[in-house]
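Undergrad: Kindly generate the corresponding structure for this input.
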Amino acid sequence: MEKLQLDRALRSLQQGWKHIFILMFVTLFLTLGIHSLAQSTIVRPHPKVILISLDGATRDFVNQYLASGVLSPKQGIGLLKSRGVYAEQNTTCRASLTAACHIAIATGSTSAKNDINSNTFHLVASPLTAGISGFGAPIGGYSLTGNSPTAQPLWVNLLAHGKKVVTATFPGADGVDVKLPGLTDSPIIQPSSLRTVNYTVPFGALASPTSKGFHLTAANFSPAPSITISQLHTAGKVSYSPIQQASLNDNFTTGGVAYDIQVAALDTTNDHQTNYDTLVFFDATIGIHPGPFNLPSTGPAYVVAQKSSPFYLEGSSNRAGTAFYVSYLAPDLNTVRIARYTTYTIPTHTTVQGTVNDILTNVGFWVSPPDFRITEKLSSGLNGFPDTEIEAIYEDQVRNFVDYQTRIALRAIKQNPSADLVMVYIEQPDGSEHQFLLTDPRQPSDFSNPNSIGAGQDPAKVARYHSYIQTAYRTANDAVQRIINAVGTNSQGVPNSNIIVVSDHGFSTFHTSVNLTNYLTSQGFSTAQVRAYTSGPVANIYINLKGRESEGSIDQTTYTTLQRQIVSALSSLTDTNPIYAPGGQAVFDKIYTRPLPTGTGTSTFIGRDTGDIFAIMRDGYNFDGLQHPAVTRSGETNNNIFSVPNFYGAHGYDPNLPKLSAIFYAAGPNITRHGSVGKIRNIDIAPTINSLLGVPSAPTVEGKAIRLQ
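TA: Numbers count the residues shown, from 1 in each chain. From the prediction side, this is the model:
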């Protein structure tokens, strides 16, 4: 009986513990479930619309790379295409140049209306000799008498409607007061308030010096002084061979401070052999500090072969920086090749001071963009560098600069999670396409040798250049994916922000540089009467008209005559070299003229500050790429008009050419339509953004909103 009672008591106790365990499990499950549900329903702030411009991204290349797997269909552009919409064609602006087309995107208006028609042109209220960059010119024109602009950036209208706008190096949003070039005490013709948003990061500016190459041998090095050895020891650096030191003889001044760059060589491998593998770059005045360093400071640059390291110029008033790349480092220091990158700074205008400070202290100083001076061997000291090393330097800059621009964009998003619009600019693949788009047999693989065309091209170099274009697209696409990662996606993979990826224009190749100044002079035109401003294959040709130009000297009758004569001269320029133009062909494709008779008329293609003649060359020709001295083309003995260029890719041609088509991809919570939206125009981007944000477009907008739902 006692045993039976004991068994019952034990069973009762076991059942009690069982119930307790069940209760604990249920409680834990409910707690975790509620927490998970709470987590899933938290609405994390993220920008409503993010516009990303990939400079020079070409529809045909993107399609080809997505199809071949160069670009992943599940990342970046591929993800947006599969989860949203894309355009079969995006007709860019006229002319298809970076400044003009970005302003067309930002304003939703054509170049004739927004008054930015080129990367470089002339404001007719200035002296004829004064040009202006399209990136810093007044958007929508200007007036010294108070007239309204003919176009405005979309951020002006959005800010007026209480929206929050962020720009990360996007053209036109720079916070500057635009002044009339060429005049003493020039008036402000566009105030910084129209070029500033809630968080404005301007694009970097060139500071001195530009890039340079250095060749050193063991004879340049000597045992490092005791102070260098002591400073390196304090910094925790060890060398298993005696530390060597050399001067780069690189003395320059930036931001009011003089610098003298020294280099020390370290052997960091404990293998009982003398094999130097690390170079340390430092300023002789400052020496080697141990750190830690707070951005933008970097301390000395410690660099191994085929790598670069940033180098902040301590004390410079413009807070500038550079970088050092070790192209070749022989273990015995008998051969050392080094490149110092061009020095850059972020323009710090009053209206953007706070934002620039934020970038400098959280992202770092403005790093050097991919530098055409290096690939085109315009920088001093690069002679003797093998082509593969020159190319490796450029590729290092591609990776570092896109990473830097992406980190700026991510910082801007992090600091402004509730922004209505974030506008991001990425420089690639444009820079790489300019330097490496070697796909036409008429292009010399060695631009110093006019006969390296056709069968004379170097196939290995052509193949390398092809791979660099692919790298540029992958790098730009990675930037898109990093931004997608920052805002996150829902369970279907749709970004939590409405992300729109566009480009300003497509790309083509060219084989011939054209010296327009020489040609106009040969046709009898005086530079006192006529001046041409060129960008790529585009020319704005101005006549020094009295009463319009600030120092005008040409009367109305002569103006009319000169305009017709210039058109005739351009129309008659023909390439008769059978190697480049079999059967002969006209060099100019499109020629537009300012309506007569006043010299102030406008048209569909001519804005207030467009040239009196606005001309676009045929695909294959370019005003840029002139070498000094000129390299005569194959099959010619002397030609001061046509010559061999020193780079390969170009844009600015007729925007209706398929290869000039820009891209458009978009996906997000408010983009419910899927697949193709057909053919669009770059001027349709601004009204599309306005539609997504529920804001009516300004009356100056010429584009139409793309249907995304």
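Undergrad: hey, where'd the strands end up in the stretch 401-550 of the chain?
TA: 421-426, 498-502, 508-514, 530-535, 538-543 (DSSP state E, counting those that start in this stretch).
Undergrad: nope, the stretch 201-350 of the chain is what I was after
TA: Going by DSSP E, counting those that start in this stretch, the stretch 201-350 of the chain shows strands at 205-206, 212-216, 222-223, 244-254, 257-266, 278-283, 301-304, 308-312, 321-329, 336-340, 344-345.
Undergrad: Which neighbours in the sheet does the fifth one have, and how are they oriented?
TA: Looking at strand 257-266 with DSSP bridges, its paired strands and their directions are strand 244-254 (antiparallel), strand 278-283 (antiparallel).
Undergrad: Same question for the first one.
TA: Looking at strand 205-206 with DSSP bridges, its paired strands and their directions are strand 344-345 (antiparallel).
Undergrad: pLDDT below threshold where in the stretch 551-700 of the chain?
TA: Under the criterion pLDDT under 70, no range of the stretch 551-700 of the chain is flagged.
Undergrad: residue ranges for the helices of it, please.
TA: If DSSP state H, counting those that start in this stretch is used as the criterion, the helices of the stretch 551-700 of the chain fall at 556-572, 685-692.
Undergrad: Can you give me the neighbour number for the residue lying closest to Ala305 once chain neighbours are set aside?
TA: In space, Ala305 comes closest to Leu329 once its chain neighbours are excluded; the distance is 4.3 Å by Cβ to Cβ, 6 or more residues apart in numbering. (Each C-beta comes from the backbone N, C-alpha and C, glycine too.) Number of residues near Leu329 (other Cβ atoms under 10 Å) recorded here: 22.
Undergrad: quick one, what contacts the closest residue to Asp260 other than its chain neighbours?
TA: Leaving aside its sequence neighbours, Asp260 sits nearest to Ala284 (Cβ to Cβ, 6+ apart; 4.2 Å). By Cβ atoms under 8 Å, 6 or more residues apart in numbering, Ala284 lies in contact with 247, 260-262.
Undergrad: Which among the strands paired with strand 257-266 is found nearest to Phe385?
TA: strand 244-254 (15.4 Å; Cβ to Cβ).
Undergrad: how big is the angle separating the closest one from strand 321-329?
TA: Strand 244-254 runs at 150 degrees relative to strand 321-329, counting by axes from the mean of the first three to the mean of the last three Cα atoms, to 10 degrees.
Undergrad: tell me which residues of strand 244-254 are tucked away?
TA: 244-246, 248, 250, 252, 254 (16 or more other Cβ atoms under 10 Å).
Undergrad: and stretch 558-577, which residues are buried?
TA: Quick answer for stretch 558-577 (16+ other Cβ under 10 Å): 559-560, 562-563, 566-567, 569-570, 573, 575, 577.
Undergrad: so which of these comes closest to Ala409?
TA: Distance to Ala409 across those (Cβ to Cβ) is lowest for Leu570, with 41.8 Å.
Undergrad: what sits against the residue lying closest to the closest one once chain neighbours are set aside?
TA: Spatial nearest neighbour of Leu570, excluding adjacent residues (Cβ to Cβ, 6+ apart): Phe588 at 5.0 Å. Counting by Cβ under 8 Å, 6+ apart, Phe588 touches 570-571, 573, 615-618.
Undergrad: Pro347 - how many residues pack around it?
TA: A count of nearby residues for Pro347, using other Cβ under 10 Å, gives 16.
Undergrad: if we can go back for a sec, same list (the strands of the stretch 201-350 of the chain) but as TSV, adding distance to Asn646 and mean pLDDT.
TA: As requested, the strands of the stretch 201-350 of the chain are exported to TSV (distance: least, Cβ to Cβ, whole Å; pLDDT from 0 to 100):
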stretch	distance to Asn646	mean pLDDT
strand 205-206	20	96
strand 212-216	17	98
strand 222-223	38	98
strand 244-254	25	97
strand 257-266	28	98
strand 278-283	29	98
strand 301-304	28	98
strand 308-312	24	98
strand 321-329	20	98
strand 336-340	18	98
strand 344-345	23	98
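Undergrad: Which of those sits closest to Pro450?
TA: Comparing the strands of the stretch 201-350 of the chain by Cβ to Cβ, strand 212-216 comes nearest, at 25.0 Å.
Undergrad: Just the residues contacting that closest one, thanks.
TA: 246, 248, 250, 263, 327, 333, 336-340, 379-385.
Undergrad: Could you tell me which of the residues you listed count as buried?
TA: 246, 248, 250, 263, 327, 333, 336-340, 379, 381-382, 385.
Undergrad: for the residue nearest the centre of the chain, what are its contacts?
TA: Residue closest to the mean C-alpha point of the chain, counted by Cα atoms, centre = their mean, is Glu427 at 1.9 Å. Residues counted as contacts of Glu427 (Cβ under 8 Å, 6+ apart) are 55, 369-370, 401-402, 405.
Undergrad: do that again at 7 Å, thanks
TA: By Cβ atoms under 7 Å, 6 or more residues apart in numbering, Glu427 lies in contact with 55, 369, 401, 405.
Undergrad: ok, now Ala264?
TA: Counting by Cβ under 7 Å, 6+ apart, Ala264 touches 224, 228, 232, 243-245, 280.
Undergrad: With distance to Asn682 added, can I get the residues you listed in a markdown table?
TA: Output for those, formatted as a markdown table (distance: Cβ to Cβ, whole Å):
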| residue | distance to Asn682 |
| --- | --- |
| Ala224 | 57 |
| Thr228 | 55 |
| Leu232 | 54 |
| Ile243 | 56 |
| Gln244 | 55 |
| Gln245 | 54 |
| Val280 | 48 |
